[in-house]
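[1] Provided below are the primary sequence and the corresponding predicted coordinates.
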Amino acid sequence: MKVKTPKPGGICQSLQGRDKDRYYIIKTLNPDGTVGVVDGNFKKLAEPKKKNLKHLRLLPDTAESIAAKFAEGSLVFDTEVYSALKSYNYPEKCAENKQG
C-alpha cells in the first residue's frame, strides 16, 4: 500500500541526499511542500531536517504515541523518537538485544 499524503507521526525513508536510506518520523508539514523530519539521533526535535516530499518514501506505518503527542501539543523527547525508529535504522542492534 502506497501512502500519498504525509501526516505528523508518519514514518518515512529518505531516498536522496547523504542521509539516503535513513528512516525518519514526520514532525511538521510546511506550506511550501516540504516536511520537517526527525530521527532522535542526528536530527533532533529542536531542529527538524527539511526534506522535499519527492525525496521521501512514505511508509504506511505510524508512530501512534508520538503522533498523538504531536497532535495534542505535548512534549516529545528525542529518546522516544529514537526508540520508535530503532528497528528501522538499526536492525542489527535490535537483533542483538533479542538474542542476548
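    Received it, and whenever you're ready, just let me know what you need. All of these numbers come straight from a predicted model, not from anything done at the bench.
[2] check which helix or strand the residue nearest the centre of the chain maps to.
    With distances taken as C-alpha atoms, centre = their mean, the chain has Ile25 as the residue nearest its mean C-alpha position (1.5 Å). For Ile25, the host element (DSSP states H and E) is strand 23-29.
[3] follow-up on the earlier one: hang on, the residue nearest to the centre of the chain packs against Leu85?
    Yes - between Ile25 and Leu85 a contact is recorded at 6.5 Å, counting by C-beta atoms under 8 Å. (Each C-beta comes from the backbone N, C-alpha and C, glycine too.)
[4] shared neighbours of these two, anything?
    Shared contacts of Ile25 and Leu85 (C-beta atoms under 8 Å, 6 or more residues apart in numbering): Ile11, Asp39, Gly40, Ala63.
[5] from these, which is closest to Glu80?
    Nearest to Glu80 out of the shared contacts of Ile25 and Leu85 is Gly40 (C-beta to C-beta; 7.1 Å).
[6] residues in contact with that closest one?
    Ile25, Asp78, Thr79, Glu80, Val81, Tyr82, Ser83, Ala84, Leu85.
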